[in-house]
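1. Sequence and predicted structure below; questions after.
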Amino acid sequence: MYRFLLTPRWLALHFAVIVALLGCLLLGWWQFGVYQDSTDRQQIRERDPAPVTELVRPGEELGEARDRQAVTTGDYLAEAQRLVPGRVHEGVLGYLVVTPLRVSDTLVVPVLRGWIADSDDPAAAVPEGEVTVTGFLLPPESADQATVRSDQQLADDEVAYVSPAQLAESADIAAATLPGGYLLLQDEQASASPAAPAVLDVDVVEPIHDISPWQNLSYWAQWWVFALAAVVFWVSAVRSGVRARRRDVSERARAHVPS
């Protein structure tokens, strides 16, 4: 009765259903992983600021410190400040302002202080003396995130993208004193507070995900519903095949019954 399930046609159907089932399950797990990552990162960002010296180490990647709010005190290295050209803020093309902050003799933290419209904007002026900054620790940008042409000639006070390596090379800062990331400034306390660059929202600079985590969770559920639908389809097809063959057997049996 069930030998028909081993015919080439049915074997092809079994294989297609298995592939669809595994594909839906894997895509569901992937969406669930995105949901977990999004919610975990958001929870990390909502934690209270911690001293930057407890979160980062010179010359090391951020690791678990990524997305953490950090606070620290130090003095800006004004001569090492660099601008990142070609960045848009609220529809206007301008520059990012990156200023290294000397926390100690062994630790210099790059601080993305914000955005300015013109390279000679007074808001780019560096506060003198000791400052206390609070912000989010983010991983460095890569070369493919640069918004300038690869052959574009940059000014001496410009770098192509936000990266400790770029600062080390351009501003002659010892790479061993820089962490593997930068601080996106959210608050700055200084003895003298000149005009400051426009503060950038962390969700704009480093979006956690393009869509709502709950949307990811709904996608996860949808893929698993599709997987269940594939199983239901296979069971229905097998039952229909069995019923059809039972009818054939019954009809043949009746045809051979003497009248």
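-> Nice, I can see it. Predicted model only: the values in this text are computed from it and were never measured. Residues are numbered from 1 along each chain as shown.

2. could you pull out the helices for the chain?
-> Ranges of helices in the chain, per DSSP state H, are 8-45, 52-55, 164-171, 202-205, 213-255.

3. so which of these gets nearest Val131?
-> Ranking these by proximity to Val131 (Cβ to Cβ) places helix 52-55 first, at 12.8 Å. All C-beta atoms are positioned from the backbone trio N, CA, C, and that covers glycine.

4. where does the stretch 1-150 of the chain dip in pLDDT?
-> 1-2, 5, 36, 38 (pLDDT under 70).

5. Let me have the helices of the chain in JSON lines, extended by distance to Gly180 and mean neighbour count.
-> Converted to JSON lines, the helices of the chain look like this (distance: least, Cβ to Cβ, whole Å; neighbours: other Cβ atoms under 10 Å):
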{"stretch": "helix 8-45", "distance to Gly180": "17", "mean neighbour count": "15"}
{"stretch": "helix 52-55", "distance to Gly180": "12", "mean neighbour count": "18"}
{"stretch": "helix 164-171", "distance to Gly180": "7", "mean neighbour count": "19"}
{"stretch": "helix 202-205", "distance to Gly180": "17", "mean neighbour count": "14"}
{"stretch": "helix 213-255", "distance to Gly180": "27", "mean neighbour count": "13"}
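
6. among those, which is nearest Thr134?
-> helix 52-55 (9.5 Å).

7. quick one: contacts of the closest one?
-> Leu62, Ala65, Arg68, Ala70, Val71, Thr72, Val103, Ser104, Leu107, Val109, Leu137, Leu183 (Cβ atoms under 8 Å, 6 or more residues apart in numbering).

8. Distance from it to the middle of the chain?
-> The chain centre lies 22 Å from the centre of helix 52-55; the measure is Cα atoms, centre = their mean, to the nearest Å.

9. now stretch 42-62
-> For stretch 42-62 - counting by Cα atoms, centre = their mean - the centre lies 17 Å from the chain centre.

10. Using CSV, list the CA coordinates for that stretch.
-> Taking Å, rounded to 0.1, in the frame of the first residue of the first chain, the C-alpha atoms of stretch 42-62 are listed here in CSV:
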residue,chain,number,x,y,z
GLN,A,42,19.5,47.8,23.5
GLN,A,43,19.6,46.7,27.1
ILE,A,44,23.4,47.2,27.1
ARG,A,45,22.9,50.8,25.9
GLU,A,46,20.4,51.5,28.6
ARG,A,47,22.8,50.5,31.4
ASP,A,48,24.2,53.3,33.6
PRO,A,49,27.6,54.8,32.5
ALA,A,50,30.7,53.1,33.8
PRO,A,51,34.2,54.5,34.1
VAL,A,52,35.9,54.1,30.7
THR,A,53,39.0,52.6,32.4
GLU,A,54,36.9,49.7,33.6
LEU,A,55,35.6,49.0,30.1
VAL,A,56,38.5,49.4,27.7
ARG,A,57,42.1,48.5,27.5
PRO,A,58,44.7,50.2,25.3
GLY,A,59,45.4,48.3,22.1
GLU,A,60,42.5,45.9,22.6
GLU,A,61,39.1,45.5,20.9
LEU,A,62,36.0,46.7,22.7
